[in-house]
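Engineer: using only what follows, build the 3D model:
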Amino acid sequence: MSSEHEQPMLNKLMEEMRSKGNLPALNETVIEISRLAKKQDSSALDLATVIMRDCGLASNLLATVNSSYYAPRFPIKTITSAVTYLGFDKVYLLSLGLGLFRHSMATLQKRKLLKLYAVSYFSGILAMALSKAYCHKNPEEIFIAGLLYRLPGLALANTFPEQFQEMDRLINEKEIDVNRACHQIFKVRYDDICDAVMAFYNLPKDLEQVIQEKKSADNPLISLVGESASLAAMLFGDRSDGKNTLRKSERRIAKILDRPKFSVADLIRQTFETDANVKDFFNLSGDDVEMMVNILEWGKASPMEIVTHMDFGSSIDAPAPADTPEVLIGNYLTELALCRKRGGEINQLLMLAQEALFRCLPESEIFIAFQIKGPRPILQGKFYVGTVTDITPRDFAVPMDQANSAIVRSLESLSVSEWHAGPDGLGLPHTPFGKIPFKHAYLAPIVVNGQSIGLCFTGRLKDEAFNERECVWIDQIVDHIDVAFEKSRE
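Structural biologist: Below you'll find the model as predicted:
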């Protein structure tokens, strides 16, 4: 905790980092993920809905989930399947960590600082691998803790490059503790800067506790986190640490894990091989990693020198390749068929159907709603995904006695219909839909045993109607829903 006379200096540092864009406001995806963690009634569906809006984050998450680290029996191709496979807590931590890291990298101002981002990321993934070997119940916490503990240093390096370089020299050459070195240069302890950054981002309390434990607890797991940070610094630092330093670290880790034949080189190779994001974030191939490990073991040069000559980080600014809707729909229809074949739960299939519609139909709002019996029957939304962040599934509510509603007529006729803005309304409540008026919609009733039980509503706010191909895709997806419900009632 910073003292009273240090607080003004800490405030000044934070303000300058913010004003120069090195502590940028979090993007909407990270904010929403953080909010979900604070709500007790958050569901896997809520998390999947937020993640799938961010194609880059979704791609990085799927790469992680499909790694040999998690070793799924079948390839996981959708966010819905990832959440179902790993569970809410693990996907939340991975998504928050990856989201923060991607967002932080977007502020990169000088490529020479890229090595600091590499140290941060690789500290996290090496720590996660070691904590799994140590049988820690939630290695994902250690991954994000490593990232969060390093990211304030990146903000310092971007904002005060000369001072940070001097602080780095004190740590590496004079072997001064990071808190003492930071206080000597910036008049504030590094841990206090970390606390201020955590408060600035208003991250969930459970993560604050993990960070605090990382800084204060004296236990083997925390030692492994420290060893991971040291190994990452050896890989991406400007100096060579020599064989002795590497072997000492290896012996310490072997003792903690109770594995006499433990190999640091094998740890690095296996960890990098299992994480496809290594290439996406840093443009590192398997051959690059192998050379870096060899140089590290040799101990007479810095592995970073080899990477620099290989166009390190050239993929940072390149846009991630996106599958076309034609490719995506084929993948999703296959996943829906497999979900039915494997006897997946109805909610899982509905989440998957919703994701398919959102990914394959650009700029669309998707509601899946079901009829609720009662004195006044109503069609009530259960699932929603789309571009509007301040709307909920339950906002979609249509009383079934509205004879002039295009939605009600579609349900009563058991037939799909296209709707376009005009004299015939949808029958949706003015609040909130009066502020987000639909221009076009495709209405596909969910029909089971000759009766409509619900509706798949796909709407667009822009003046671009659904083409024939898109309508066929919606029909095919709803067919899967119909069959799944029929089988569940047999």
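Engineer: so residue 103 sits right up against residue 28, yeah?
Structural biologist: No: applying CB atoms under 8 Å as the test, residue 103 and residue 28 come out as separate, 10.4 Å apart. C-beta here means a position set from N, CA and C on the backbone, and glycine is covered the same way.
Engineer: ok, and the closest non-adjacent residue to residue 126?
Structural biologist: residue 228 (3.9 Å; CB to CB, 6 or more residues apart in numbering).
Engineer: is it fair to say residue 126 lies in a strand?
Structural biologist: No: applying DSSP: H, G, I helix; E, B strand; the rest coil, one finds residue 126 to be helix, outside a strand.
Engineer: pull the contacting residues for it.
Structural biologist: Contacts for residue 126 (CB atoms under 8 Å, 6 or more residues apart in numbering) come out as 228, 231-232, 267-268, 271.
Engineer: spell out the secondary structure type for residue 371.
Structural biologist: What three-state DSSP gives for residue 371 is strand.
Engineer: state the pLDDT value of the spatially closest residue to residue 286 that is not a sequence neighbour.
Structural biologist: Using CB to CB, 6+ apart and skipping residues adjacent in sequence, the residue nearest residue 286 is residue 273, 6.6 Å away. Residue 273 is assigned 83 on the pLDDT scale.
Engineer: quick one: residue 273 and residue 284 touch, right?
Structural biologist: No: counting by CB under 8 Å, residue 273 does not reach residue 284; the two are 11.0 Å apart.
Engineer: who has more neighbours out of those two?
Structural biologist: Between residue 273 and residue 284, residue 284 has the larger neighbour count (other CB atoms under 10 Å), namely 20 against 15.
Engineer: now do the SS call for that one.
Structural biologist: Assigned with three-state DSSP, residue 284 falls in the coil class.
Engineer: okay, now residue 372: neighbour count?
Structural biologist: 14.
Engineer: cool, and the one 3 residues further on?
Structural biologist: Residue 375 sits with 4 neighbouring residues when counted by other CB under 10 Å.
Engineer: that older thread, which one's more surrounded, residue 103 and residue 28?
Structural biologist: Per other CB under 10 Å, whichever of residue 103 and residue 28 has more neighbours is residue 103, with 17 against 12.
Engineer: which residue packs closest to that one, ignoring adjacent ones?
Structural biologist: Closest residue in space to residue 103, ignoring its immediate chain neighbours: residue 27 at 5.4 Å, by CB to CB, 6+ apart.
Engineer: hang on, the earlier thing: the contacts of residue 126 in strands, which ones?
Structural biologist: Assigned to strands by DSSP state E, none of the contacts of residue 126 qualify.
Engineer: any buried residues in stretch 430-438, and which?
Structural biologist: 433, 436, 438 (16 or more other CB atoms under 10 Å).
Engineer: please apply the same query to stretch 325-336.
Structural biologist: Those would be 325, 328-329, 332-333, 335-336, for stretch 325-336 by 16+ other CB under 10 Å.
Engineer: show me where pLDDT drops low in the stretch 101-250 of the chain?
Structural biologist: Within the stretch 101-250 of the chain, the segments meeting pLDDT under 70 span 104, 106-113, 149, 202-218, 237-242.
Engineer: show me the helices in it, by range?
Structural biologist: All helices of the stretch 101-250 of the chain, identified by DSSP state H, counting those that start in this stretch, fall at 114-133, 139-159, 161-172, 178-186, 190-201, 205-216, 220-236, 242-257.
Engineer: equivalent analysis for the stretch 251-400 of the chain, please.
Structural biologist: In the stretch 251-400 of the chain, the helices defined using DSSP H, counting those that start in this stretch lie at 264-274, 277-282, 286-298, 303-308, 325-341, 346-360.
Engineer: in JSON lines, list these along with distance to residue 52.
Structural biologist: Shown next, in JSON lines, are those (distance: least, CB to CB, whole Å):
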{"stretch": "helix 264-274", "distance to residue 52": "24"}
{"stretch": "helix 277-282", "distance to residue 52": "18"}
{"stretch": "helix 286-298", "distance to residue 52": "30"}
{"stretch": "helix 303-308", "distance to residue 52": "33"}
{"stretch": "helix 325-341", "distance to residue 52": "12"}
{"stretch": "helix 346-360", "distance to residue 52": "6"}
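Engineer: what's the most buried one of these?
Structural biologist: Burial of those is given as mean neighbour count (mean count of other CB atoms under 10 Å); helix 346-360 ranks first at a mean of 23.
Engineer: off-centre distance for stretch 244-254?
Structural biologist: On the basis of CA atoms, centre = their mean, to the nearest Å, stretch 244-254 sits 33 Å off its chain's mean C-alpha point.
Engineer: list of residues touching that stretch?
Structural biologist: Taking CB under 8 Å, 6+ apart as the rule, stretch 244-254 contacts 130, 223-224, 227, 230-231, 234, 260-264, 267, 296-297, 299.
Engineer: any of these buried? List them.
Structural biologist: Buried among those (16+ other CB under 10 Å): 130, 223-224, 227, 230-231, 234, 262, 264, 267, 296.
Engineer: now the helix or strand encompassing residue 58 and helix 114-133, what's the angle there?
Structural biologist: Assigned by DSSP states H and E, residue 58 belongs to helix 55-65. In terms of direction (axes from the mean of the first three to the mean of the last three CA atoms, to 10 degrees), helix 55-65 departs from helix 114-133 by 40 degrees.
Engineer: you'd agree residue 339 is up against residue 350?
Structural biologist: No: when contacts are counted by CB under 8 Å, residue 339 is not listed as touching residue 350 (10.0 Å).
Engineer: need the overlap of contacts for these two.
Structural biologist: With CB under 8 Å, 6+ apart, residue 339 and residue 350 have no common neighbours.
Engineer: just to revisit the earlier point, any chance of the buried residues of stretch 325-336 in TSV, plus pLDDT and distance to residue 422?
Structural biologist: Shown next, in TSV, are those (pLDDT from 0 to 100; distance: CB to CB, whole Å):
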residue	pLDDT	distance to residue 422
325	89	27
328	89	31
329	93	29
332	93	32
333	94	32
335	91	36
336	93	33
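Engineer: let me have these in a markdown table, extended by distance to residue 191.
Structural biologist: Output for those, formatted as a markdown table (distance: CB to CB, whole Å):
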| residue | distance to residue 191 |
| --- | --- |
| 325 | 48 |
| 328 | 45 |
| 329 | 50 |
| 332 | 46 |
| 333 | 52 |
| 335 | 45 |
| 336 | 49 |
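Engineer: now do residue 417 against residue 455, distance only.
Structural biologist: 11 Å (CB to CB, to the nearest Å).
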